[in-house]
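**Student:** How does the following fold in three dimensions:
(one chain, ligands or ions: 1)
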Amino acid sequence: MKILVTGGAGYIGSHTIVELIQAGYDVLAIDNFDNSYPYVLDNLAKITGRTIAFEKVDIRDKSALKSYFQLHKDIDAVIHFAANKAVGESVAKPLKYYENNVGGTVNLLEAMQEANIDQIVFSSSCTVYGEANPPVNENAPIPIAQSPYGNTKQICEEILHDQTIATDLKVVALRYFNPVGAHESALIGELPIGIPNNLVPFITQTAIGKREILTVFGNDYPTPDGTCIRDYIHVVDLALAHVAAIDFLTQKKYTDSFSVFNLGTGRGNSVLEVIQTFEAVCGVKLNYQIGPRRAGDVVQVYAACEKAANELGWKTKKTLEECMLSAWKWEKAIASNTLN
Ligand SMILES: NC(=O)c1ccc[n+]([C@@H]2O[C@H](COP(=O)([O-])OP(=O)(O)OC[C@H]3O[C@@H](n4cnc5c(N)ncnc54)[C@H](O)[C@@H]3O)[C@@H](O)[C@H]2O)c1
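**Tutor:** Numbers count the residues shown, from 1 in each chain. Take a look at the predicted model:
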């Protein structure tokens, strides 16, 4: 079975390529390196012992995508990661997000239809739920999106759903909670560009001395320690869920042509718990302060994961401690400048 991974040089795409290859799939990858680097492909080869069949293709370029599929007629399914993902930037540059995330997905679906490829796994997000009561299951209402980025995920899910009605397309949409951590080799991981928006890269960058101080945005929320609660999922567990989703599609285990799954641990951890876990397992004292709340932060969100367990046969295995240790090992690898 041959799987095309869009955004394959990115954070989640690269980890998924490792697990697909280890599960016995043939993998093709495309990326435009908008938010990643070519050396990731070399490091994937080091981890897997295989050269990754890669081409630089921008999914906004419809004719390039169509030519790509004409050259690769034996693709069985696509995992679609390629997108822009910075919520704040999406507020400042909405058209960039609609063009790339929505327009790129439409181009991909058109090219797939022309090439008779009818199975796709799509990267969605728990942001589609907004402020829902945890544990959040897949039937929770989808409110009006709070950012253009969140809206692109909602719109893409709707486009994919419409396309399953109009054609033979089969879709698995995966709503990720908070992906963190890195591969144990520390050869691949997340490369946040600029000041990180997410807690874990901010913690590791503060610990390594790249950032002077970590600010906790508010400690007066209605949670046990007053800080916000999220569901942190190790990226390797997340990658394994994509292998399970591909098995689900290619082995026709679905009952609906459009299936949606939450991918989380089912456990919520507060910002302070994450900080304390990092300090305890990595043996580093963090310089942090309590600041005011950040606009737009949801108080607490974590997943109900029973659907993925029952239908995909997938559950997370890694602990928050393993998330912190691997993230720290990755931050030290970035600092040592030995990645490329
Ligand atoms: N990381 C998260 O916290 C998170 C949470 C929920 C959902 N997601 C979604 O998961 C997917 C992967 O996220 P990630 O964290 O790996 O991000 P990432 O930025 O590390 O990876 C995305 C990859 O897509 C590439 N790309 C972007 N636009 C492209 C284009 N037009 N053509 C070809 N390649 C393009 C980028 O260069 C990058 O390598 C995205 O769709 C994102 O929205 C991520």
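**Student:** In this protein, what residue lies closest to the ligand?
**Tutor:** Gly10 (2.0 Å; CB to the nearest ligand atom). Yep, even glycine has a C-beta here, placed from its N, CA and C like the rest.
**Student:** which ones are touching that residue?
**Tutor:** When contacts are counted by CB atoms under 8 Å, 6 or more residues apart in numbering, Gly10 touches Asp31, Asn35, Ser36, Phe81, Ala82.
**Student:** quick one: the first one and Leu44 touch, right?
**Tutor:** No: using CB atoms under 8 Å as the test, Asp31 is too far from Leu44 to be in contact (11.5 Å).
**Student:** Can you report how many residues neighbour Asp118?
**Tutor:** Using other CB atoms under 10 Å, Asp118 is surrounded by 19 other residues.
**Student:** And for it, nearest residue in space, chain neighbours not counted?
**Tutor:** Closest residue in space to Asp118, ignoring its immediate chain neighbours: Asp168 at 4.6 Å, by CB to CB, 6 or more residues apart in numbering.
**Student:** Where do the helices of the protein begin and end?
**Tutor:** Per DSSP state H, the chain carries helices over the ranges 11-22, 39-48, 62-71, 87-92, 94-97, 104-114, 148-166, 199-208, 235-250, 271-282, 306-307, 320-336.
**Student:** Need the residues that contact the third one.
**Tutor:** Right, the one you point to is helix 62-71. 30, 55, 57-59, 75, 107-108, 110-112, 114-115, 117.
**Student:** surely Ile79 meets Leu4?
**Tutor:** Yes: in this structure, Ile79 is within contact of Leu4 by CB under 8 Å, at 7.3 Å.
**Student:** Which one of those two is surrounded by more residues?
**Tutor:** Remark: of Ile79 and Leu4, Ile79 carries more neighbours, 30 against 24, as counted by other CB under 10 Å.
**Student:** Now do the contacts for that one.
**Tutor:** Neighbour list for Ile79: Ile3, Leu4, Val5, Thr6, Gly13, Thr16, Ile120, Val121, Ser123, His242, Ala245, Ile246 [criterion: CB under 8 Å, 6+ apart].
**Student:** ok so, going back, what's the least confident stretch among the helices of the chain?
**Tutor:** By mean pLDDT, the lowest-scoring of these turns out to be helix 87-92, with a mean of 92.
**Student:** And that helix, how far out from the chain middle?
**Tutor:** Centroid separation for helix 87-92 versus its chain: 17 Å, with CA atoms, centre = their mean, to the nearest Å.
**Student:** start at 427 instead
**Tutor:** Sounds good: first residue 427 from here, last item helix 513-518.
**Student:** Identify each buried residue in that helix, please.
**Tutor:** Buried residues in helix 513-518, counted by 16 or more other CB atoms under 10 Å: Val513, Glu515, Ser516.
**Student:** Model confidence for the residue in the chain sticking out farthest from the centre, exactly?
**Tutor:** Ranked by distance from the centre of the chain (CA atoms, centre = their mean), the top residue is Asp646, with 29.2 Å. pLDDT for Asp646: 97.
**Student:** what does Asn763 give?
**Tutor:** On pLDDT, Asn763 comes in at 75.
**Student:** cool, Glu557 as well?
**Tutor:** Note on Glu557: pLDDT of 88.
**Student:** what about the residue nearest to Asp544, how many residues close to it?
**Tutor:** Asp594 - counted by other CB under 10 Å - has 11 other residues nearby.
**Student:** so it sits right up against Gln545, yeah?
**Tutor:** No: using CB under 8 Å, Asp594 makes no contact with Gln545, being 9.4 Å away.
**Student:** and Gly529, what is it in contact with?
**Tutor:** Contact analysis of Gly529 by CB under 8 Å, 6+ apart lists Arg486.
**Student:** got it, and Ala471?
**Tutor:** Here Ala471 is in contact with Thr477, Ile478 (CB under 8 Å, 6+ apart).
**Student:** Does the residue farthest from the centre of the chain touch Ile716 like I think?
**Tutor:** No: assessed by CB under 8 Å, Asp646 is found out of contact with Ile716, at 9.1 Å.
**Student:** on that earlier part again, kindly present the contacts of Gly436 as CSV, with separate columns for pLDDT and distance to the ligand.
**Tutor:** Shown next, in CSV, are the contacts of Gly436 (pLDDT from 0 to 100; distance: CB to the nearest ligand atom, whole Å):
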residue, pLDDT, distance to the ligand
Asp457, 98, 4
Asn461, 95, 4
Ser462, 95, 3
Phe507, 99, 4
Ala508, 98, 4
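**Student:** Going by distance to Ala612, which of these wins?
**Tutor:** Ser462 (16.4 Å; CB to CB).
**Student:** Spatially nearest residue to the closest one (excluding sequence neighbours)?
**Tutor:** Nearest to Ser462 is Ala435, by CB to CB, 6+ apart, at 3.8 Å.
**Student:** my guess is that neighbour contacts Val466, does it?
**Tutor:** Yes: with contacts counted by CB under 8 Å, Ala435 reaches Val466, the gap being 4.4 Å.
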